[in-house]
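In: Below: sequence and its predicted model.
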Amino acid sequence: MFPILPESLCERCLAICCKYITVEIDKPRSKRAFDDIRWYLLHEGVTLLIDKNRWMVKFPTTCTALNEDNICTIYENRPVTCREYKTDNCDYYTEYEGWETDFVEIETPEEFDKYLKTKKKKTASPKKNSKK
């Protein structure tokens, strides 16, 4: 399959990026903060995204400025966030072209617990052999 050129993405746009918002959160450091994330994940559609040291909560919600053809009805007056969005990391690539993402996406409290266990194993220091 031929790569999709950035200038043609708008013609194929399904407005994936306009159908959710992300809110950055602090990396959890307390038992309460970890429990809060589990609570977020108990809500339908809410997802946790982790990109290296950046943690975000993703909420599925469609922009009210989209029409039924996924065209922005306020394009000339769209918010700065929309204006700054670049197509080089467009959601179309990961969703429809199968590109790998740079983040971990966690959808359930069980997946979160599993993620934390794998992180603990990686950060656990190896046991030292004591010679007497």
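Out: Perfect, thanks for sending it.
In: and the closest residue in space to Arg38 that isn't next to it in sequence, how far is that from Asp102?
Out: Of all residues not flanking Arg38 in the chain, Pro109 sits nearest, at 4.3 Å (CB to CB, 6 or more residues apart in numbering). Any C-beta I mention is one placed from the backbone N, CA and C, and that applies to glycine too. When distance is defined by CB to CB, to the nearest Å, Pro109 is 23 Å away from Asp102.
In: Between those two, which has more neighbouring residues?
Out: Pro109 (16 against 11; other CB atoms under 10 Å).
In: For that one, give me its contacts.
Out: Arg38, Leu41, Leu42 (CB atoms under 8 Å, 6 or more residues apart in numbering).
In: All the strands of the protein, in order from the start?
Out: Assigned strands in the chain, in chain order: 20-25, 47-51, 54-60, 104-106 (criterion: DSSP state E).
In: and the longest helix belonging to the chain with strand 47-51, angle?
Out: Scanning the chain for the longest helix, with DSSP state H as the assignment, gives helix 109-123. Helix 109-123 runs at 20 degrees relative to strand 47-51, counting by axes from the mean of the first three to the mean of the last three CA atoms, to 10 degrees.
In: how about helix 109-123: buried residues?
Out: Buried residues in helix 109-123, counted by 16 or more other CB atoms under 10 Å: Pro109, Phe112.
In: Hmm, Tyr92 is touching Leu14, no?
Out: Yes - because the distance of 6.9 Å satisfies CB atoms under 8 Å, Tyr92 is recorded as touching Leu14.
In: For the two, work out which one has more neighbours and name it.
Out: More neighbours surround Tyr92 than the other of Tyr92 and Leu14, with 18 against 12 (other CB under 10 Å).
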